[in-house]
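Participant: Need coordinates for the following:
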Amino acid sequence: MRIVIAGAGRGGLGIAVHLQGLKHLVTILDRDPVVTRRAFEEHGVVALTGDATDVALLTHAEVGRASAVLSMLHRDADNLAVAMLARNLGARRVMVRMRDPEYRSVYVAAGVTQIISETEVLVGALASAVEHEAVQHSMVLGNGESIAFEIVVPAGAWVVGRTVSEVAAQKAFPRSCVIASMSLHGAVQPARGGSTFAAGTQVLLVAARDDVAAALAFVMRA
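Facilitator: Residues are numbered from 1 along each chain as shown. Purely as a prediction, here's the structure:
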């Protein structure tokens, strides 16, 4: 994929390096020549210096040919400008990092539907970790009503040796909960009916926020 990222701060540059490592063609835009030079010299990322809200720079970056444009500037007003200009120049997909939740409706009105709120993601993940000690990683989904969370099955858990179908068929299994994937020794596989729980298995579950505690108690009990 050809991807253009506006903003080479820590987050923008980190995403650019990650995506380039996945063999995508990445171009990053930033006002600071020191930042763009470092992005190229240290990471080999194509970096253009200038104002990402300038249509001339966006045209030079060929956003019209981009599979995705991601704006990660410090001001929502600038991200909105980049998104609207990129769409007008023919970008297939436009995504923004939202800082102020008040801008969500403005982004949507402008036709931007892929909106990432770092604050909402961070708060959701930290809150889940604080509330539930067994949760290793988590992510808020949609409007916050669902949580994707990862746990490690302990050796004494009752699910050890049982299949996904057997576990999900139990009456006490929360109806909103879905067993999404299982990983043992680094091999991630989708959780199918015949997949078997083993001690040490990393399990990714998705559940309604109100059912997370019940899902954890159900899976982890001895």
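Participant: ok, the closest residue to A8 other than its chain neighbours - contacts?
Facilitator: If the residues on either side of it in the chain are set aside, A8 comes closest to D30, at 3.7 Å by CB to CB, 6 or more residues apart in numbering. (C-beta placed from N, C-alpha, C; glycine too.) D30 sits next to A6, G7, A8, G9, G12, T36, A39, A47, T49, A52 when contact means CB atoms under 8 Å, 6 or more residues apart in numbering.
Participant: any weak-confidence spans in this protein?
Facilitator: When residues are selected by pLDDT under 70, those of the chain lie in 123, 142-143.
Participant: tell me the phi and psi of R104?
Facilitator: When quoted as degrees, to the nearest 10, the phi and psi of R104 stand at phi -60, psi -50.
Participant: thought it was touching M98?
Facilitator: Yes - assessed by CB atoms under 8 Å, R104 is found in contact with M98 at 6.3 Å.
Participant: Please name the residues that touch M1.
Facilitator: Residues L19, H24, L25, S67, A68 are the ones in contact with M1 under the rule CB under 8 Å, 6+ apart.
Participant: ok, so what distance separates it from G7?
Facilitator: From M1 over to G7 the distance is 18 Å, taken as CB to CB, to the nearest Å.
Participant: Over to D32?
Facilitator: Using CB to CB, one gets 10 Å for the distance from D32 to G7.
Participant: Those two: which is more packed in?
Facilitator: For D32 against G7, the residue with the higher neighbour count under other CB atoms under 10 Å is G7, and the figures read 25 against 12.
Participant: number of nearby residues for the closest residue to the more buried one other than its chain neighbours?
Facilitator: For G7, the nearest residue in space outside its immediate sequence neighbours is M72; the separation is 3.7 Å by CB to CB, 6+ apart. M72 sits with 29 neighbouring residues when counted by other CB under 10 Å.
Participant: Return the residues in contact with M72.
Facilitator: Contact criterion CB under 8 Å, 6+ apart gives I5, A6, G7, G9, G11, G12, I15, N79, V96, R97 as the residues in contact with M72.
Participant: is it true that G44 touches G21?
Facilitator: No - between G44 and G21 there is no contact under CB under 8 Å: 10.2 Å.
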